[in-house]
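**Q** quick one, fold the following:
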Amino acid sequence: MKCYSPVIYRSLIPCKPSALKNMVLQSDQLQYVIRQISLESGESLDVVQDQATEILDEMGQNLNLAAIRMFALTLSKIFKRLFRKVCVNEEGIQRLAQAIQDHPVVLLPSHRSYVDFLMMSYILYTYDLALPVIAAGMDFMGMKIVGELLRMSGAFFMRRTFRGNKLYWAVFAEYVKTMLRNGYAPVEFFLEGQRSRTCKTLAPKFGLLSVVMEPFFKGEVFDTHLVPVSISYERVLEESLYAYELLGVPKPKESTSGLIKARKILSDDFGSIHIFFGEPMSLRSLASGKLNRSQYNLIPRHLSQRPSEEMHTFISDVAYKVELQQIANMVLSPGVLIAAILLQNVPSLNFSLLVDKTIWLKDLTEAFGGCLEWPDNMSASKVVLASVDLHSNLMRIADGEVVLFENGPNDVLTEEKVFTRAITLLMCASYRNQMVNTYARPALVVLACNMAPSSSRDDVSRTFYFLRSLFSKEFIFFPGLEEKDFEEGSFLLSKCDIVHLTPLEIVLTKNGESAAMFLVRMFQPFLEGYQLAFMHLANEVTGSLTEKQYISGMRSFVTRRILAGDSQCYEALSSDMQKNTLASFMHLGIMKVEKSIDAAIFTVDKQAMADVEGKLGLQMPIMKIPVPRL
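**A** Model prediction:
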């Protein structure tokens, strides 16, 4: 019941949802598209106009303060049951408040959970900031009561795909641009396009980003501010659901009944959430000296125009800048460190040794630039014990050992047991994945040192560039900065005395053996997963295949290797890694794709495979130094 008087853009009077829809329908740009579609299809203008109205009614938000107050009350009670605390950087809130007053604002949060957009709106409401209008998937609209409640809280619904539907795209784009041009509310969407089931940052999608940039490109607004937001969970609500999805179990459809059934999670403890509002990025500053907007001056504003190659590059660069800022501002919990250590010591590790290794990894993570939440008033053993307790569905303590899963001496490995273990390991890997981008550059340098034909700087850097290209779908790298990433990774390793740098060589030091070993073991599942995918293509694929056939065949191949004792790479069973290998192999030219009406058809280029085989390290050990169990 608090007084809610949010900071708004230039003291603007808020626009009613119905008035906003009329502005969209009467806009020059949408009217032009409606006339074009009428001419092309032969339908009357009134019919096409009615279709546009229906799309807008289906899509549009319907902000209502009474609904927002009720939602805020409900969320407050739910969040207090689920989470211990929610930490927000208040200087970021102050920067955001100023940005909202001065310019149209676009909020770009990371996306790990359904809680993300609820928590964002809850935080802004709590701090008396204008509530964002949020691009939400159409799946939510089908949820009785909840769908309408989301709509009245600022959600506008978009179809998962509308390729080829010219009218839908025109209505959607004009709706977003009208809200942005007039500054009625911050626009919020997820640059990754979907929740990350692996908790790694996904490669950005550019479609909606190009829409929110267009008013600036056309000079309809002086500037637009993009605000990266990093949301870090100590424990993710959907952790087990994600693991099942990655192993091929269909995602359950969003429904109100499903939400009610899920209320049993209210008795669980999901730890803390950290929300970091990053520095607003001015499009005008980003474009200064890099972008020529004059191409938009040559035709009327209401005519659509395909962005030039220069524009595409700029949009891509901004997207990667935002994601790298999201990654840099993520707050890592002790559970993330513990998960990374336990995955290298399956199935169990002595508790005292785990505490020692967690302290060591904490120091290394901070040296590499990671941001950690570490309680100052607790001993290290209590911190580790509290984290193990929080993740008790994954790990437990028995006889002084921290156990991930039971592994009896007479256990016979079956397909069912492989699936069960994969669930646990993929859940554990999702927490380790929160820190992989912090380690990606130095770890790939260490891998390159061990895979390169010599320790010469040229050989190591060439191997690093290959690995960076190979894993471009797994980790976030800024396009075109291979040399900078190599130098940064080498510098961090040298600073920690893991490698010795000379103008001509990069050599692993004796003091850095244990750290180098740890880095290799952390990234070994990715390298081995790609090696297994390559072997599957080389040995088992002869003709063409679809993505679905590739994933099914790959999962079967990896399962057989695990059952035969030839591999322990359970992460290669993940559909996320399988899709990434497919995209990476296309990028490397190993696979070709042809579009058909039903699905994309992939074929293998055996000559390209032969060129890549040696670089993948299939015929050599992953480490030149001994790799004992850590």
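
**Q** residues touching the residue nearest the centre of the chain, list them.
**A** Taking CA atoms, centre = their mean, the centroid of the chain lies closest to residue 201, which sits 2.8 Å from it. By CB atoms under 8 Å, 6 or more residues apart in numbering, the contact list for residue 201 reads 110, 192, 323, 326-327, 437, 476. (C-beta placed from N, C-alpha, C; glycine too.)

**Q** so which of these belong to helices?
**A** The helices, defined by DSSP state H, take in 323, 326-327, 437 from the contacts of residue 201.

**Q** hang on, the earlier thing: drop anything exposed from the contacts of residue 201.
**A** By neighbour count, with 16 or more other CB atoms under 10 Å, the contacts of residue 201 hold 110, 192, 323, 326-327, 437, 476 as buried.

**Q** got a list of what residue 89 touches?
**A** Shown in contact with residue 89 (CB under 8 Å, 6+ apart): 275-277.

**Q** which residues in the stretch 451-600 of the chain form helices?
**A** Here the stretch 451-600 of the chain has its helices, by DSSP state H, counting those that start in this stretch, at 457-470, 482-495, 513-540, 547-563, 575-587.

**Q** so for residue 267, which of these sits nearest?
**A** Using CB to CB as the measure, helix 575-587 is the one of the helices of the stretch 451-600 of the chain that comes nearest residue 267, at 29.8 Å.

**Q** which positions within that closest one qualify as buried?
**A** In terms of neighbour count (16+ other CB under 10 Å), helix 575-587 has its buried residues at 575-578, 580-585.

**Q** closest one of these to residue 8?
**A** residue 576 (40.1 Å).

**Q** that closest one reaches residue 247, doesn't it?
**A** No: using CB atoms under 8 Å, residue 576 makes no contact with residue 247, being 10.4 Å away.

**Q** using CSV, write out the CA atom coordinates for the host helix or strand of residue 37.
**A** Element membership of residue 37 [criterion: DSSP states H and E] is helix 28-41. Taking Å, rounded to 0.1, in the frame of the first residue of the first chain, the C-alpha atoms of helix 28-41 are listed here in CSV:
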residue,chain,number,x,y,z
ASP,A,28,3.2,5.9,-40.7
GLN,A,29,5.5,2.9,-40.7
LEU,A,30,2.8,0.3,-39.8
GLN,A,31,0.2,2.0,-42.2
TYR,A,32,2.8,1.7,-45.0
VAL,A,33,3.3,-2.0,-44.3
ILE,A,34,-0.5,-2.6,-44.1
ARG,A,35,-0.9,-0.9,-47.6
GLN,A,36,2.0,-3.1,-49.0
ILE,A,37,0.5,-6.3,-47.6
SER,A,38,-3.0,-5.3,-49.0
LEU,A,39,-1.5,-4.8,-52.5
GLU,A,40,0.4,-8.1,-52.4
SER,A,41,-2.3,-10.3,-50.9
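
**Q** quick one: mean pLDDT over it.
**A** Helix 28-41 shows an average pLDDT of 90 in the prediction.

**Q** any idea how far it is from the chain center?
**A** 37 Å (CA atoms, centre = their mean, to the nearest Å).

**Q** for that helix, buried residues please.
**A** 29-31, 33-34, 37-38.

**Q** can you give me the helices for the stretch 51-200 of the chain?
**A** Counting by DSSP H, counting those that start in this stretch, the stretch 51-200 of the chain has helices at residues 65-82, 90-102, 115-126, 146-152, 166-182.

**Q** return the member of those helices having the minimum mean pLDDT.
**A** Set side by side, the helices of the stretch 51-200 of the chain give their lowest mean pLDDT on helix 146-152, at a mean of 82.

**Q** what sits up against it?
**A** Residues outside helix 146-152 that contact it (CB under 8 Å, 6+ apart): 60-64, 67-68, 70-71, 136, 140-141, 143, 157, 256, 259.

**Q** next one: residue 257, what pLDDT does it get?
**A** pLDDT for residue 257: 57.

**Q** nope, residue 299 is what I meant
**A** Per-residue pLDDT puts residue 299 at 71.

**Q** next, count neighbours for it.
**A** 11 (other CB atoms under 10 Å).

**Q** what about the stretch 451-600 of the chain, any weak spots by pLDDT?
**A** Regions of the stretch 451-600 of the chain meeting the criterion pLDDT under 70 are absent.

**Q** let's see 90
**A** 538-539, 541-544, 591, 593-600 (pLDDT under 90).

**Q** ok, now the stretch 301-450 of the chain?
**A** Applying pLDDT under 90 to the stretch 301-450 of the chain flags residues 301-311, 346, 376-377, 405-413.

**Q** quick one: the strands in the stretch 251-400 of the chain?
**A** Assigned strands in the stretch 251-400 of the chain, in chain order: 272-277, 281-282, 331-332, 348-350, 371-372, 396-398 (criterion: DSSP state E, counting those that start in this stretch).
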